[in-house]
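structure of the sequence below:
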Amino acid sequence: MSKPAAAPLPGWGVWTWPNLVTAVRLLGIPLVCYLLLATQYYWQAAIILAVGGGTDWVDGQLARRLGQVSKLGRLLDPFVDRLYILSSLLMLTFLGLLPWPFTVAVLAREALLVSIVVVLRWHGFAPPQVHFLGKCATAMVFMSFPVLVVAGLVPGAEAWAAPLGWALAWWGLGLYWLAAIVYLRQAAGLLRAGRPEPSVAA
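Numbering: from 1, shown residues only. Purely as a prediction, here's the structure:
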């Protein structure tokens, strides 16, 4: 039998360990931008990107294990994940490390997902549950970024890093869209089933 979801803390629950982890990840974004755009510390930027992307599950796990699920965490965690992806996309595209078609494909998928959430909220439904496929896709896209930074900016690394980075990027993009189709089907099923819309809170 699966464990019941942890009840959220009263209020916004700002001062929790999971939110601290999320805040540290958030601070890594401007640091990576600075290292990539204003310095030549490319290895350091790649490591911070890898840690920030590879630990996207840590804050959620901590929240559940410590019983510190909070309203702020539920908003901040996915926001930071999206911000990591979008800022990395734009930086790497600006530096010529990612082609524009790849960037547009990821942005289009993000726009579709936001649209799904907005429509579900409008009809009184919660966002669709995160699917394992979506987690795998996000992890692959996350991890392709630091590898592509190393491939494109670190001398002598292209031979081994480029094939790995592009494999992660393109497979991740394919899974990203496959997961979007899963979420779209989930949303369509909820809307077809239907239920009375709740009254709008004041």
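
surely residue 46 touches residue 146?
Yes - if you go by CB atoms under 8 Å, residue 46 and residue 146 touch, sitting 3.9 Å apart. (C-beta placed from N, C-alpha, C; glycine too.)

looking at those two, which has the bigger crowd around it?
The neighbour comparison of residue 46 against residue 146 (other CB atoms under 10 Å) goes to residue 146, with 27 against 24.

tell me which residues of the host helix or strand of the more buried one come out buried.
According to DSSP states H and E, residue 146 maps onto helix 132-153. Applying a neighbour-count criterion of 16 or more other CB atoms under 10 Å, one finds 133-134, 136-153 buried in helix 132-153.

flag the shaky bits of the chain, pLDDT-wise.
The chain contains residues with pLDDT under 70 at 1-14, 195-202.

what distance do you get for residue 19 to residue 38?
Here residue 19 is placed at a distance of 29 Å from residue 38 (CB to CB, to the nearest Å).

looking at these two, which has the bigger crowd around it?
residue 19 (21 against 8).

isn't the more buried one right up against residue 62?
No - using CB under 8 Å, residue 19 makes no contact with residue 62, being 9.4 Å away.

show me what secondary structure element comes after the helix holding residue 146.
helix 158-193.

which elements pack onto that following helix?
In terms of contacts (3 or more CB pairs under 8 Å, 6 or more residues apart in numbering; DSSP states H and E), helix 158-193 is packed against helix 100-122, helix 132-153.

could I get the ones you listed as a markdown table with distance to residue 68?
Shown next, in a markdown table, are these (distance: least, CB to CB, whole Å):
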| stretch | distance to residue 68 |
| --- | --- |
| helix 100-122 | 24 |
| helix 132-153 | 21 |
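
so for residue 174, which of those helices sits nearest?
Closest approach to residue 174 among the helices and strands packed on helix 158-193 (CB to CB): helix 132-153, 8.0 Å.

distance-wise, check the residue nearest to the spatial centre of the chain relative to residue 52.
Among the residues of the chain, the one closest to the centroid is residue 81, at 3.2 Å (CA atoms, centre = their mean). Per CB to CB, residue 81 is found 10 Å from residue 52.

same thing with residue 120?
Separation of residue 120 from residue 52 (CB to CB): 28 Å.

okay, those two: which has more neighbours?
A count of neighbours by other CB under 10 Å puts residue 52 above the other of residue 120 and residue 52, at 24 against 18.
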